[in-house]
Structure formats: C-alpha cells, structure tokens
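[1] Here's a sequence, model it:
(2 chains)
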Amino acid sequence: MRWTRYFINTLREVPADADVVSQRLMMRAGMIRKVAAGIYTYLPLGLRSIRKLEAIVREEMNRAGAVELLMPAIQPAELWMESGRWQKYGKELLRIKDRHDRDFIFGPTHEEVITDTVRDGVSSYRQLPVNLYQIQTKFRDEVRPRFGLMRGREFIMKDSYSFHTSRESLDETYESMRIAYSAIFNRCALDHVPVEADTGNIGGSASHEFMVLAQSGEDAVVSCPSCRYGANIEKATSKFFDADTQPGAIEELAPIHTPGTKTIDDVGRFLGKPTSQLVKTLVFQTENGAVMALVRGDREGSEIKIKNHLGVNMLEMLGDADFESSTGGPIGYCGPVGTKCLRVLADASLKGRANWVVGGNKVDTHLSGANPGRDFPEPEFGDFTVVFAGDPCPRCGTELQIHRGIEVGHVFKLGTKYSESMNCVYLDEKGERQPMIMGCYGLGIGRTVASAIEQSHDDDGIIWPMPIAPFEVVVTSVGKDEAVVKMATELYEKLLAAGVDVLFDDRDERPGVKFKDADLIGFPLRIAVGAKSLANGHVEWSLRKDRVKQLLSPEEALAKTIEAAIAN
RNA sequence: CGGGGUGUAGCGCAGUCUGGUAGCGCACCUGCUUUGGGAGCAGGGGGUCGGAGGUUCGAAUCCUCUCGCCCCGACCA
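    Numbering: from 1, shown residues only, chains lettered A, B, ... in the order given. Next comes the predicted model:
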C-alpha cells in the first residue's frame, strides 16, 4: 500500500477529550475517530490491527476446537424474558422497539440466543460437547463510557459458549479456553495474568479474568508475589489473622457515653483504642429490606461480597431518610444489639472475638462487652471485606500486592443457569432429559488492542508488537532524488511480492514529517532510503522499539525485513 | 442519577465579564525558497459561534429552555 493512496490522517495535537494514552495515540495516529460518547469509527489503520487480532483469535479458537458462527446483534425481548435478564440486566441493556412496537435489544452478550440455538439443534448426548464462538459488535449502554476503546458502548468482542453433559467435560473445555486465551495474549506480547473473578451479571459458579497490568486499568488486581494466587479485588480473599484478639474473660454488656463520635475514628480516639479492636457497622438497603454488616473497625466492607452472600439484586448504602426506622438506631451509633435489620452479617475476622465494642442504637452511646449469641443473635459469618495490600495470601500467607489491571478476557462456568431457565436439555444414555451444563468465554478485541498500546509506547507514539501492528514495515523515501524513489519503490515492491505487510511512505513530505508519523503510528520496522547513504550503496534499517539505525545494502535490508516479518 | 465543567473551522484554542456582525496556531490549497527528525515567506479556501425561543436598532456575547460532550462520584462487564 502506498501512503498517498491510503487514508491516514495523523494529528499533531491531542484531542481535548482523550485522557488515556491508548486513546490519545490511537486518535493521533488516525486509527480511530470518535462519533459519539463510547462510539468509534475504526479508521483503516485501526481496523487493520483489529482484523489482525481477530485472525489470531480465530486461529487459537479453532485450534482449541471451537466452531465459529455469527448471531444477530438484534435480539427479541422474549428470549431475555425467558432467562429473566430482561428485568435483571438493568439500564445497560440497550432496548429498542420495531415498527410494530415489539421489544428488541441490541445484544450486550449472547447467552440467550446461543442457548436458544443449541436447544433447537442439539437433542442427544451424542452431539455434546460443543463449543461455539463468534466475533461481533456488542452494545452496552454504559453509564459512563470512557478511555476510548477501553470502555465503549459499542465494541467488538469474541464470545464463545460451550455445552456439556458433565462437569468434567465443562472443566476440560474451560481449561482449553484458558490455555487458548493465554496463547492469544502471549502472541500479542501482552503481559497478562489470569485471576479469580466475580461472576457479576452473567452468573455462574466459577470464573477467571485475564488482566493486563497497566496504570490506566479500571480494575484492581490482588496478587501474591510468591505463589500463583491472583484475584480481582471484588473476589479476592486473604488469610486474615486477628492477632490482637484473645477471647479472655467474658464481660458484661455495658453502655459507654460517647458524645459526638459519629465515625469509627472518632470512637477509637475517644476510647483510646485502635480501630481494629472496634466493630464497624454498615447498613444496606436491599429489595428485601435493611441488612447489617459488621466488620472490624479498620477494614472496609465489600459490597460485592455482601451482595453475593445475600443473593440479592439490589444493594446500596442505606440513605438518611429511613435509616432510623429500618435499623432502630441513629446514623453513627447503629449496632447489632436490638437492631431491626432483617439479617446481620459479620466478617470472618470477628469470628471468635469476645466483648465487641459496637454502636448502642442510641445517640452518643456505644456498648462494650457485647457478645454474639448472648446480647444479640449469632450473626452470619463470612468474608465481607476488601483485601488491603499487605494482607496475608489465602494460600501461602505472603503479603499480597495490589495492581491496576485491564480486563481483556473473562471465562465463566455457567453451569445450568441458562439451560434450566430456557429449557435447554438433551437426552442422556438412559433416554432421560438433562439440562446442559454451560460455559462462556469472552474476549474484548478493541480492549486488547488498546491494552497493547497501554503497555507498549513511548513519548513519540505506539510501539506495536509485530503481530497486531497495522503494517509490519514502512519504507520511507527521503527526498525526491530519482535514484532514491527508484530504490524505495523497488524495495516496496519486493517486500510486497514476498508477502510482507508493507506501507510505502511515498509522500512528498520533508523527512522529519515522515519520521514523526512513522514513530507515531509505530511500524515495527522501518527502511529509510536517502540520497547520501544510497550513494554509498546503503539504506537505513531500524526497529521502532530501539530505533538503532543500521546501514545495510538493499539486499541485506530486504532479507532482514522479510526474516523479521515472516518470523511471527 | 448527584456534583462540577464545557460547546466558536478537521484538531487545539482566544473572543463572552463590558452587545456593534468572528480571530490565532496546526492541518488544507497555490507559488517561491528549503529538504535526514513535525521548514520559511507570500497568497488563499473553509465557521447558520451545539439547537430553539426571547430581550435589543443590533446577540458568539444578555435571559429562558433544550441537546451534546468531558471530569468526579454512585453504578457496572
């Protein structure tokens, strides 16, 4: 491809609304163009990288035994009503009506359609397992789209769904998908880590996310530096020891006058005790009513963990308005003794501890010597707190670390959630109807490309990993000298003939402009042809990643380029 | 959904307070000079100032409504 015949528009200035590096560079390099919030055009250069990644994904999916199909972006509401997600999915579901006023949605994911497809096409255990995938544009009406391709409302995703007759079979496919995902990210030279994850809106029993570690990541990843433990902070646990707490003698329940101590820090200061020895009370509103969660004073409650434990759809901090009527105590002095809350949860770090200091459900009053089982009903113990950096690893006890990460892939064991609600069954060897056991596997295409840029760039532009670079090589002619143009054209044509993905910068521009553009777009290899070096029989060969220039004969440059390009 | 900000040429911005009919840089076109890391000079094209309504002799500027976009929070694949 010749630059002058292509469609590239690089920007010297950064668009004002781009705030992460991948978005800035993709916009400046002319790869994407914003059309509306979270909605982008993939310009020719950007589309090339997307297509290259898609090809890699197809290869690895096919290798893993998955079979490609393509489902519609638009889906009838009935399927979503059947699975129950028409109500549950919320405002992110982009809903539309057709001319007959019938309800449809733009698909954010395809569990419903694939389940409908498979229940129709599979009736015997002999046809299972099957693993189907597609690469397609998804729609999620995000509350706050941002960061370019990182969080769009319209985005390209690879999604696969597998159907099985047994847990073991699901485990096998799940494992093969995890291997395929790692292979894909490795081929893109992405520094990634698989971690345990919450299942969120999709549901199911187990799930892992593939995280690319990057400062701009929107997720927090907890990892252990010595064993392989890694988890999204939503899911992460720690082996949390409470060394300070010895059961000791059981005290009597006694009120303490604690005027003006609304926060846990106030109480700690007032009583002269570290907050770790106090109990913090959190109250949430759910669709079933108010719920209380008790955590150690120096820890933070995890809404996701609490929500999962309760099995509710809605969980939010209880507002001021109906606080007292729901809990029986004022804000700041709320506690488990005599509470009106329906359920009381307590973090595992409190288990076995005696003589709790808790809110007294009366203004300016706390209670000491509160003992579960005696002074208030035994709470439901569980892991309800957020892991902090430095907490002991749940597996080996080493201090955990927390990093920012970008979620580029997510695999789930769905079990029978959709097959049961949607009656997706097969006949087993005995002729009995059984729900299929399902798995699903998502991979964000645009997000992966953006992540590659997040991980690999410098002040001048993108440094592409060769496999997803829009072009592998740029041939830059420097000046209009006849011999230069002739040599550059010849090199370009030979590279083309050798099957190398090459762009010929044949523009009538000053060298500085061409080099700056080449660095910005980030072609992994560059051959520059200029009059001075050509007079000595040389062209200049360099890699984008180190920009070390080598003077080579045209033949050597050609051979080296072909070797480097074909190598991947 | 709450809070804050912003909308003027393809991109980055000034002009708005104090009303007088739109400007700068980049990009683009023409010419000359230049030519190995975003050239110089000269000339030129391009904007219903987000939209609607109002006030006024006159509105980018003041008022009302509305829409888009951005940030923080809440929420969430």
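[2] Residue A:207 looks like it's in a strand, true?
    Yes - secondary structure assignment (DSSP: H, G, I helix; E, B strand; the rest coil) places residue A:207 inside a strand.
[3] Contact partners for it?
    A:196, A:197, A:198, A:199, A:410, A:411, A:412, A:413 (Cβ atoms under 8 Å, 6 or more residues apart in numbering). (Each C-beta comes from the backbone N, C-alpha and C, glycine too.)
[4] Which residue comes closest to it once chain neighbours are left out?
    Excluding its sequence neighbours, the residue lying closest to residue A:207 (Cβ to Cβ, 6 or more residues apart in numbering) is residue A:412, at 4.3 Å.
[5] Just the buried residues of the helix or strand hosting that neighbour, please?
    Per DSSP states H and E: residue A:412 is located in strand A:401-415. Buried positions in strand A:401-415, judged by neighbour count with 16 or more other Cβ atoms under 10 Å: A:402-403, A:405-415.
[6] Find the nearest non-adjacent residue to whichever residue of the stretch 451-568 of chain A sits closest to RNA strand B, please.
    Residue of the stretch 451-568 of chain A nearest RNA strand B, by Cβ to the nearest atom of the strand: residue A:530 (1.9 Å). Spatially, and ignoring its direct neighbours in sequence, residue A:530 is nearest to residue A:478 (3.7 Å; Cβ to Cβ, 6+ apart).
[7] what about the nearest residue to residue A:148 once chain neighbours are set aside, which SS state?
    Closest residue to residue A:148 in three dimensions, ignoring its sequence neighbours and counting by Cβ to Cβ, 6+ apart: residue A:23, at 3.0 Å. Of the three states, residue A:23 takes helix according to three-state DSSP.
[8] Who are the contact partners of residue A:23?
    With Cβ under 8 Å, 6+ apart, residue A:23 has these contacts: A:32, A:147, A:148, A:149, A:150, A:450.
[9] now do 10 Å
    Residue A:23 makes contact with A:14-15, A:17, A:32, A:34, A:40, A:146-150, A:216, A:450, A:453-454, according to Cβ atoms under 10 Å, 6 or more residues apart in numbering.
[10] same for RNA strand B: which of these are within range?
    Filtering the contacts of residue A:23 for neighbours of RNA strand B using Cβ under 7 Å from any atom of the strand leaves A:14, A:15, A:17, A:34, A:146, A:147.
[11] Was I right to think the second one contacts residue A:30?
    No - contact status for residue A:15 versus residue A:30: not in contact, 11.6 Å apart, counting by Cβ atoms under 10 Å.
[12] Which one's more surrounded, the two?
    Between residue A:15 and residue A:30, counted using other Cβ atoms under 10 Å, the more crowded position is residue A:30 (21 against 13).
[13] pretty sure the more buried one is touching residue A:461, no?
    No - assessed by Cβ under 10 Å, residue A:30 is found out of contact with residue A:461, at 11.4 Å.
[14] sec struct for the closest residue to residue A:465 other than its chain neighbours, please.
    Nearest non-adjacent residue to residue A:465, counting by Cβ to Cβ, 6+ apart: residue A:189, 3.8 Å away. Put simply, residue A:189 is coil when judged by three-state DSSP.
[15] And the pLDDT for residue A:189?
    For residue A:189, the model assigns a pLDDT of 94.
[16] Next, count neighbours for it.
    16.
[17] does it really touch residue A:453, like I thought?
    No - applying Cβ under 10 Å, one finds residue A:189 not in contact with residue A:453, separated by 11.8 Å.
[18] Could you tell me which residues touch both of these two?
    With contacts taken as Cβ under 10 Å, 6+ apart, residue A:189 and residue A:453 have A:464, A:465, A:468 as neighbours in common.
[19] Looking at those, state which has the most neighbours.
    That'd be residue A:464 among these, by other Cβ under 10 Å, with 26 neighbours.
[20] State the number of residues packed around the nearest residue to that one once chain neighbours are set aside.
    Nearest residue to residue A:464 in three dimensions, chain neighbours excluded: residue A:522, at 4.7 Å (Cβ to Cβ, 6+ apart). When neighbours are counted by other Cβ under 10 Å, residue A:522 registers 26.
[21] Report all helices and strands that the helix or strand of chain A with the lowest mean pLDDT contacts.
    Here the helix or strand of chain A ranked lowest by mean pLDDT, DSSP states H and E is helix A:323-327, holding a mean of 74. Applying 3 or more Cβ pairs under 10 Å, 6 or more residues apart in numbering; DSSP states H and E, we find helix A:323-327 packed against strand A:279-286, strand A:289-296, strand A:356-362.
[22] next one: the last one to chain centre, how far?
    What that stands for is strand A:356-362. Once both centres are worked out by Cα atoms, centre = their mean, to the nearest Å, strand A:356-362 turns out to sit 40 Å from its chain's centre.
[23] Please give me every residue in contact with residue A:224.
    So residue A:224 contacts A:230-231, A:236, A:238, A:392-401 (Cβ under 10 Å, 6+ apart).
[24] same check, this time on residue A:279
    So residue A:279 contacts A:264, A:267, A:294-297, A:335-336, A:346-347, A:350, A:353, A:356-359, A:366-367, A:370 (Cβ under 10 Å, 6+ apart).
[25] Give me the lowest-pLDDT entry from the contacts of residue A:207.
    Among the contacts of residue A:207, residue A:199 has the weakest pLDDT, 73.
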